[in-house]
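Trainee: My questions concern the predicted model and sequence given below.
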Amino acid sequence: MRAHAVGFPGRVARRTGGAVRRAAERRRVRAGPVDNASKAFAPLGRVRLGDAMAAAPRYRAIVTIELDPAAARRARWTAHRLGGSDLAPAEVVARAVALQGQDLPAVLRAIAIRSRPGTTLDDVRAAFDAGELVRSWPMRGTLFATTPHRLAELLALTAERTHRSTTLRRARLGLDEAAIAGARAALEVALEAGPLRRAEALDAFERAGISTAAGRGYHLIMHLAVAGVAHWGPFAEGGEEQLLVRSPAHAAVDAEAALVGIVGDVVASRGPVTDADVAWWTGLPASAVRRAAGAVDSLVPVRIGGPTERGGGAAWVIGEPAVHAESTGVVLIPGFDEWILGYADRSLVASPAAFAALVPGGNAVFRPAVLVDGVVVGSWRLPARRSARSAGAPELELVEPVSARTRAAIDRALDRWPHG
């Protein structure tokens, strides 16, 4: 790894700037003109976040660490805990802020592979049953698994934005304010009797005279979840379907402090990651993300590869990046995994051909991926399930060339996949 000094905005400048400058001097790095790597770290002026207004941050000196693409992928592998961890399922999700969750079986697997050894899908379901984990639409109108605390923080930042972005959709569905209010009242009454299956929630709307046809029912559930009325929580008997439960009231959220914590944890659990990646993932303006990043302790800029390399450019990590000296080997990840969907730019880990294989026809359905040292080399899938909790042997489709030794390692990983 190489390093050079650049400017970086942050309120902690007075406390850390001198120490970092001295560290840069000890490492004999030369502070030169700010180049393209610094564009993500430019002063932001005043940024509106909710009703809070903040002054422009000051600059502090920071050492920029240069990583080649392989080192960047290995640092991400560690940040993602793709080699497992000593964490319980709820701790895995809390650390990551949220994990993409529109495919329920896939997100259960994504949590399990990042948890302590021996964690099963039943262990992950148990965390939902205990109320430690929830599933809702905290950002971008997309389902995520998260914790109750994080859900409250994220909705405080994104709910109004999400509702604004779906105004036209509601109009096309014929869902005016009266329909929304009626659906909310009907759902709140129904939830007083206990958790609801999706069909039961839709039936509550119908009994209130609100049609659920043509996607209106699904949209109403999403809209009311974003409003903080309900979320998906425990599993129904059989473990295949989540139940809708009433969301508890939360204390008022400090939006600025919440965003600082979210940005820091997103970087810690996915870095190296760019400001554009974090902005895309949260669905928030890049200016607000950069402003929050300036207040994150231990945030360090890195540069990945050269300007013409795929996935190269300026990015962030927390502290010194943990880079494996050797290949991280073969790893299987489920569909819709954050290894792919945690970033606006996926080119560091997937070639155009590999990405096309993961999302055939651009249909927004992300297949499970086979990684070799962090690079997507193919996709895999589980055949149709033979029962509620089992499936046949995984099937493989390679799109990148691999050695015979690597192919054997992939076959072993598929044979040993424990999360059917």
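Mentor: Cool, the structure landed.
Trainee: For G238, see how far away L244 is.
Mentor: 16 Å (C-beta to C-beta, to the nearest Å). Just so you know, the C-beta spots here come from the backbone N, C-alpha and C atoms, and that holds for glycine as well.
Trainee: The two: who's more crowded?
Mentor: The residue with more neighbours, out of L244 and G238, is L244; 25 against 8, by other C-beta atoms under 10 Å.
Trainee: Doesn't that one belong to a strand?
Mentor: Yes - under DSSP: H, G, I helix; E, B strand; the rest coil, L244 sits within a strand.
Trainee: I'd like the mean pLDDT over stretch 182-199, please.
Mentor: When pLDDT is averaged along stretch 182-199, the result is 98.
Trainee: Next, the buried residues of it.
Mentor: By neighbour count on 16 or more other C-beta atoms under 10 Å, the buried set for stretch 182-199 is 182-184, 186-187, 190-191, 195-196, 198.
Trainee: ok, now stretch 235-243?
Mentor: 235, 239, 242-243.
Trainee: Quote the end-to-end distance of that stretch.
Mentor: Chord length of stretch 235-243, first to last residue, is 6 Å (C-alpha to C-alpha, to the nearest Å).
Trainee: Kindly report the same for stretch 324-344.
Mentor: Termini of stretch 324-344 sit 24 Å apart (C-alpha to C-alpha).
Trainee: among the buried residues of stretch 235-243, which two are most distant?
Mentor: The span of the buried residues of stretch 235-243, defined through C-beta to C-beta, is set by G239 and L243 at 11.5 Å.
Trainee: what residue ranges in this structure score low on pLDDT?
Mentor: 1-63, 306-309, 311, 385-392 (pLDDT under 70).
Trainee: domains for it, by residue range?
Mentor: With domains defined by automatic domain parsing, the chain comprises 2-80+271-277+285-318, 89-246, 330-416.
Trainee: Kindly reformat the ones you listed as CSV containing distance to A258.
Mentor: Below are the domains of the chain laid out as CSV (distance: least, C-beta to C-beta, whole Å):
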stretch, distance to A258
domain 2-80+271-277+285-318, 9
domain 89-246, 4
domain 330-416, 19
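Trainee: and W380, that's in a strand?
Mentor: Yes - looking at W380 with three-state DSSP, it is inside a strand.
Trainee: quick one: it and P368 touch, right?
Mentor: Yes - counting by C-beta atoms under 8 Å, P368 is a contact partner of W380 at 5.1 Å.
Trainee: Now for those two: what residues contact both?
Mentor: L332 (C-beta atoms under 8 Å, 6 or more residues apart in numbering).
Trainee: ok, back up a step: go through the domains of the chain and name the closest to L259.
Mentor: domain 2-80+271-277+285-318 (4.3 Å).
Trainee: ok, P234 - contacts?
Mentor: 128-129, 131, 195, 242-243, 245.
Trainee: could those go into CSV alongside distance to Q102?
Mentor: Below are the contacts of P234 laid out as CSV (distance: C-beta to C-beta, whole Å):
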residue, distance to Q102
F128, 16
D129, 20
G131, 21
P195, 20
Q242, 12
L243, 17
V245, 19
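Trainee: W137: which of those is nearest?
Mentor: The closest of those, once distances to W137 are taken by C-beta to C-beta, is Q242, at 13.3 Å.
Trainee: just checking, A96 touches D337?
Mentor: No - assessed by C-beta under 8 Å, A96 is found out of contact with D337, at 11.3 Å.
Trainee: which residues of the stretch 1-150 of the chain fall in helices?
Mentor: Ranges of helices in the stretch 1-150 of the chain, per DSSP state H, counting those that start in this stretch, are 13-26, 69-80, 89-96, 104-113, 121-129, 148-165.
Trainee: Of all those helices, which one comes closest to A354?
Mentor: The closest of these to A354 is helix 69-80. By C-beta to C-beta, the value is 13.3 Å.
Trainee: quick check, A413 in a strand?
Mentor: No - under three-state DSSP, A413 falls outside any strand and is assigned helix.
Trainee: if I pick the residue nearest to it when sequence neighbours are not counted, what's in contact with it?
Mentor: The shortest distance from A413 to any non-neighbouring residue, by C-beta to C-beta, 6 or more residues apart in numbering, is to V330 (4.9 Å). Contact analysis of V330 by C-beta under 8 Å, 6+ apart lists 370-372, 406, 409-410, 412-413.
Trainee: By neighbour count, which of those wins?
Mentor: Counting neighbours by other C-beta under 10 Å, the top entry in the contacts of V330 is V370, with 27 neighbours.
Trainee: Check whether that residue really touches R381, as I assumed.
Mentor: No - applying C-beta under 8 Å, one finds V370 not in contact with R381, separated by 10.8 Å.
Trainee: Distance check, I210 against A286.
Mentor: Applying C-beta to C-beta to I210 and A286 gives a distance of 38 Å.
Trainee: In terms of neighbours, single out the busier of those two.
Mentor: Each of I210 and A286 has its neighbours counted (other C-beta under 10 Å); I210 has more, 20 against 17.
Trainee: Give the phi and psi angles for that one, as a check.
Mentor: Note on I210: backbone dihedrals following degrees, to the nearest 10 are phi -110, psi 120.
Trainee: Enumerate every residue touching it.
Mentor: By C-beta under 8 Å, 6+ apart, the neighbours of I210 are 179, 182-183, 186, 216, 220.
Trainee: Show me where the stretch 101-250 of the chain has its strands.
Mentor: Counting by DSSP state E, counting those that start in this stretch, the stretch 101-250 of the chain has strands at residues 134-139, 142-146, 230-235, 242-246.
Trainee: Save the ones you listed as CSV, and put in distance to V302 too.
Mentor: Listed next are these as CSV, based on distance: least, C-beta to C-beta, whole Å:
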stretch, distance to V302
strand 134-139, 25
strand 142-146, 26
strand 230-235, 36
strand 242-246, 38
